[in-house]
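In: Structure of the sequence below:
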Amino acid sequence: MTYAAMYARWQDNPEAFWMEAAEAIAWHRPPTKALTDKGDGLYEWFADGLTNTCYNAVDRHVDAGRGEQVAIIHDSPVTHTKREITFVELRNRVATLAGALRAKGVEKGDRVIIYMPMIPEALEAMLACARIGAVHSVVFGGFAANELAVRIDDAKPKAIIAASAGIEPGRIVHYKPLLDAAIDLADHKPDFCVIFQREQEVAQLVEGRDVNWHGFQYGVQPVDCVPVEGNHPAYILYTSGTTGQPKGVIRHTGGQLVALNWTMKNIYNVDPGDVFWAASDVGWVVGHSYICYGPLIHGNTTIVFEGKPVGTPDAGTFWRVMSEHKVKAFFTAPTALRAVKREDPEGALVKDYDISGLQAVYLAGERADPDTIEWAQKHLNVPVIDHWWQTETGWAIAANPLGVEELPIKPGSPAVPMPGYQVEILDDAGHPVGPDTLGAIAVKLPLPPGTLPNLWNAEARFKKSYLNTFPGYYETGDAGMKDADGYLYIMARTDDVINVAGHRLSTGGMEEVLAGHPDVAECAVIGVSDALKGQMPVGFLCLNAGCDRDHAEVVNDVVKLVREKIGPVAAFKIACVVDRLPKTRSGKILRGTMVSIADGAEWKMPATIDDPAILDEITVALKGLGYAQ
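Out: Sure thing, here's the model as predicted:
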């Protein structure tokens, strides 16, 4: 089947399309229909079915005779350890942990917060919750105490499962003091906390509240999977909101199972038994969908990697993991590849490893600039697929469906909409615009299975955030355009489209030009306030390792490049070289915070920032350019 035929089949009968996809899932009671319209822009998928996520991700592979297949590979260069867990071992571990949770009073519908690093026990905790119908909420390990407290008060967990510490290159991140401080700050108090003690740091347990992971499970009876409704929340995942109050994205059980299982073959082109590696973290949506659930539901081996793309020990660590574990499909953020490219611009380290088993690389999380895609394709000699999705959607809105048909790659585009997504480019009044015209990207309702049906205890906010701006559509918050072939181009967050003397310009388009300069490893463009033109673009450049050119020369080069490629209308004249860009832990550049600093506006330290010290460096750089006064 071609992509066009598949998409047309979905358009002709969306419910039949997804009911057929649902046949690949094990149901305790199959759904009688795919979609339920709740009215007022609210929809649910497979609501009357009964199933269990943990059964589909673990037990059914054991029941099918594949228990000895490796389910999880833990590769931890920061602790110099590697281990493998088979599906039968995973089932036994998860069933015992679930039994221990239930023995302490955790039941279907109760919430459990998970605050752990990249270790298999994090996945086991998620699956144990799913096994008994508890709703988990994973919070990125090492998140600040006040941010964790906000999530405790919103989710009101009966229990918290945490590790004593996370390991970063050269340092230990002490989780337990952060957890203790968060519980002190929160109005809601959990009944108990389960602490996984790591040998690098043994934490003090609070008597009467904290229990040790191993002792907690000793002598406990393992439990079976509890069937839950298709519209039962599998988890809550908090995403940062513009108000500073996090938004609790909900994922329903049935829709997630059907959608993620469908994507593993159709988008990522892997078969059961193949090794799939998403180099992300369980605290992010990629970790939920493509480290834990998607691969395991589909019967793939998943890799839990505890390290960084560079420095653990060098820029060849990705290629080592691929070589050792025979990775077939690899998923990472563009920022990770840019870090590798900056350290090893010629790709010399790739040649040290046999990565012949690799069939494709997938990028998401941040706009993939063409220069990074071309660098990766040249050195890895496989398709490098940019695809676009969000925490809210849980899987790709637009992609190149390699398992169906390999479409031509257009660097700068995440290709075409997937079944379930009717994507439109709208003007401010909500009217569709023509090809190659910048506008707001929206998806016609209903959204497909696996996407958010609502926010946790915040329906009014859900409608205000996503549904009210363009009635009948889900507002993505991204700006971009479609070309004549229907390929999407995601140019910026809607907030990052700047208005220079009446011209709407994409900062992403300018970044694409800057990234094409041979000395530039990474870059960002922001729009700062200007009395004359409304806004003016300012560029930040990180140079490749070993580049010894005068910074002023490189700045002059990129100013000329923007003038040549975009034209004088961009008014791009100001740029500076910096060592690093401020980012979230998932690799997104904090452009909004940079704009606030430049404009002298009030700003709050972002909860998700990787290294707060970088903002001091950016402030100094902006002052040098005459801003942030």
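In: what about stretch 427-447, start to end distance?
Out: 21 Å (Cα to Cα, to the nearest Å).
In: and it, average pLDDT?
Out: When pLDDT is averaged along stretch 427-447, the result is 95.
In: Flag every buried residue along that stretch.
Out: Gly430, Leu438, Gly439, Ala440, Ile441, Ala442, Val443, Leu445, Pro446, Leu447 (16 or more other Cβ atoms under 10 Å). For the C-beta atoms, the positions are set from N, CA and C on the backbone; glycine is no exception.
In: And for stretch 528-535?
Out: Buried, per 16+ other Cβ under 10 Å, within stretch 528-535: Val528, Asp530, Lys533, Gln535.
In: now stretch 450-465
Out: Quick answer for stretch 450-465 (16+ other Cβ under 10 Å): Gly450, Thr451, Leu452, Pro453, Asn454, Leu455, Trp456, Ala458, Arg461, Phe462, Ser465.
In: would a markdown table of the residues you listed with pLDDT and distance to Pro419 be doable?
Out: Listed next are those as a markdown table, based on pLDDT from 0 to 100; distance: Cβ to Cβ, whole Å:
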| residue | pLDDT | distance to Pro419 |
| --- | --- | --- |
| Gly450 | 98 | 12 |
| Thr451 | 98 | 13 |
| Leu452 | 98 | 18 |
| Pro453 | 98 | 18 |
| Asn454 | 98 | 22 |
| Leu455 | 97 | 25 |
| Trp456 | 97 | 27 |
| Ala458 | 95 | 29 |
| Arg461 | 94 | 29 |
| Phe462 | 96 | 24 |
| Ser465 | 92 | 25 |
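In: The residues you listed in helices, which ones?
Out: Arg461, Phe462 (DSSP state H).
In: In a markdown table, list the buried residues of stretch 450-465 along with distance to Gln377.
Out: Putting these into a markdown table (distance: Cβ to Cβ, whole Å) gives the following:
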| residue | distance to Gln377 |
| --- | --- |
| Gly450 | 29 |
| Thr451 | 30 |
| Leu452 | 33 |
| Pro453 | 37 |
| Asn454 | 40 |
| Leu455 | 39 |
| Trp456 | 40 |
| Ala458 | 42 |
| Arg461 | 41 |
| Phe462 | 39 |
| Ser465 | 37 |
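In: Enumerate every residue touching Ser280.
Out: Ser280 makes contacts with Val286, Gly287, Tyr290, Ile291, Phe331, Thr332, Ala333, Gly365, Ser586, as judged by Cβ atoms under 8 Å, 6 or more residues apart in numbering.
In: ok, back up a step: mind picking the two most distant members of the buried residues of stretch 528-535?
Out: Spatially, the most separated pair among the buried residues of stretch 528-535 is Val528 and Lys533, at 10.4 Å (Cβ to Cβ).
In: The nearest residue to Gly534 once chain neighbours are set aside: which element?
Out: The spatial neighbour of Gly534 that comes closest, neighbours along the chain excluded (Cβ to Cβ, 6 or more residues apart in numbering), is Asn499 at 5.0 Å. Asn499 belongs to strand 497-500 when assigned by DSSP states H and E.
In: Also Asp153?
Out: helix 145-155.
In: For whichever helix or strand comes after that helix, name the packing helices and strands.
Out: Helices and strands here follow DSSP H and E; after helix 145-155, the next one along the chain is strand 159-163. Here strand 159-163 touches strand 111-115, helix 120-132, helix 175-185, strand 192-196, going by 3 or more Cβ pairs under 8 Å, 6 or more residues apart in numbering; DSSP states H and E.
In: looking only at pLDDT, what's the mean for the third one?
Out: What that stands for is helix 175-185. 96.
In: what comes up buried for it?
Out: Tyr175, Lys176, Leu178, Leu179, Asp180, Ala182, Ile183.
In: and it, what other elements does it pack with?
Out: When contacts are defined as 3+ Cβ pairs under 8 Å, 6+ apart, helix 175-185 packs onto helix 145-155, strand 159-163, strand 165-168, strand 192-196.
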